[in-house]
Each structure stands twice: as C-alpha cells, then as structure tokens.
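>>> Predicted model follows, preceded by the sequence.
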Amino acid sequence: MYLHIGADVVVLKESIIGIFDLDTSTVSKNTRGYLALAEREGRVVTVSYELPRSFVAAFENGKVTVYISQLSSQTLLKRYSSI
C-alpha cells in the first residue's frame, strides 16, 4: 500500500522509516544536521512549496530519501494508520 504525502506524491508504506513534525523535531541540533546533510547529498524531495510542516524518511533504492510535506505529521500518521 501507499501513503499519499501531499501534492501528487505517494510513498510505499513498507519503506517509511518515520514521520516527523518539523516544528518539534528541528529543535534538536542532530535533526537539523541530518536534514542539512540529506540536502547536500540530494536526498531531499520537496513535495509542495507551501509552508512545510513535516518530513517523512523512507528507505528506497538502497538509500534514505527525505520528503518535505505541507501536511501535518498528525494527518500523515492518521493516513498511515488507516492503510
């Protein structure tokens, strides 16, 4: 099954490592560093250019891809649970 994470982007449910709220998770220096590294390595996919509210980490094709979404982490978690 797939999780719709915004715009026209879906991610395979089994590949999802975690769903994170940007407001609370980026307080940590480690999370900010991880996101910066993923951006430098070209592993970040921006789903929408609206205000980002969450990010989804997924293991695809042998690497972790980070999807930045305009949907809240609560909305994504509800969708994930209902699949």
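Perfect, thanks for sending it.
>>> Show me which positions of the helix or strand encompassing Leu77 end up buried.
For Leu77, the enclosing helix or strand under DSSP states H and E is helix 73-82. Neighbour counts over helix 73-82 (16 or more other CB atoms under 10 Å) mark Ser73, Thr75, Leu76, Arg79, Tyr80 as buried. C-beta: built from backbone N, CA, C; applies to glycine.
>>> Just the closest of the residues you listed to Leu35, please.
Proximity of the buried residues of helix 73-82 to Leu35 was ranked by CB to CB; the top entry is Ser73 with 14.6 Å.
>>> List the beta-bridge partners for the residue nearest to Arg43 when sequence neighbours are not counted.
For Arg43, the nearest residue in space outside its immediate sequence neighbours is Thr65; the separation is 5.4 Å by CB to CB, 6 or more residues apart in numbering. On DSSP bridges, the residues paired with Thr65 through beta bridges are Ala58.
>>> Now find how far off-centre the helix holding Leu77 is within its chain.
Centroid displacement of helix 73-82 relative to its chain, using CA atoms, centre = their mean, to the nearest Å, is 12 Å.
>>> next one: stretch 9-19
In terms of CA atoms, centre = their mean, the gap separating the centre of stretch 9-19 from the centre of its chain is 8 Å.
>>> and it, how far apart are its ends?
The distance separating the two terminal residues of stretch 9-19, taken as CA to CA, to the nearest Å, comes to 15 Å.
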